[in-house]
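Colleague: sequence-free structure coming up:
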């Protein structure tokens, strides 16, 4: 795999991962309620779930890559539409993901195992991760080379970025929560991340079959 090919994938994965979603909200919530150390366990469970989703998507990936140019084009359009949808949704979001949960005091203490299971379950049922690996992941696989090494590199990259982002969000939740509590700051955060998604979505339409 060429470095430039991997770098483009890393950029797309980073933007997708860092966009506020269920996993991010879970990391922020656990950080506020239980502390940053406990976010480690839910984040670890999340990337294990991500690996399972990626592996399941990979099972049928070979057939997709060998299909007609029409099917590849449809897959590419779906991936671009997904990115643009996320961008518009994020741009229009009015909520503040760093706000303290209203039911924080009512939540009971959870064990490390429970937090791990919570993160894994969320990843396995998270439409964001499922759509990424079914609509976007195939765009970065070269069908002329062995699939397994590419799967290991791309999935490992996604898992590493995902884990780091969740820990970072957990840290931000405790250190910058008051700054993001300002509606204007939260609004600009939503608009910047939303704009990046839309740009990546249109950029995806320029990709050619076999390579991103």
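Modeller: Arrived safely. Quick caveat, the model's predicted, so the values are computed rather than measured.
Colleague: please, where are all the helices along the protein?
Modeller: Here the chain has its helices, by DSSP state H, at 3-18, 22-34, 36-59, 61-65, 69-92, 112-124, 127-131, 147-175, 177-180, 183-204.
Colleague: mean pLDDT lowest for which of those helices?
Modeller: Mean pLDDT is lowest for helix 61-65 among the helices of the chain, at a mean of 56.
Colleague: from residue 120, how far out is residue 152?
Modeller: Computed as CB to CB, to the nearest Å, the residue 152 to residue 120 distance reads 20 Å. Where you see a C-beta, it was placed from the backbone N, CA and C, and this is true even at glycine.
Colleague: these two: which is more packed in?
Modeller: It is residue 120, of residue 152 and residue 120, that has more neighbours when counted by other CB atoms under 10 Å, with 20 against 10.
Colleague: from residue 43, how far out is that one?
Modeller: In this structure, residue 120 lies at 10 Å from residue 43, with CB to CB as the measure.
Colleague: do the same with residue 187
Modeller: Look at residue 187 and residue 43: by CB to CB, they are 27 Å apart.
Colleague: who's more crowded, these two?
Modeller: Using other CB under 10 Å, the more surrounded residue of residue 187 and residue 43 is residue 43, with 25 against 14.
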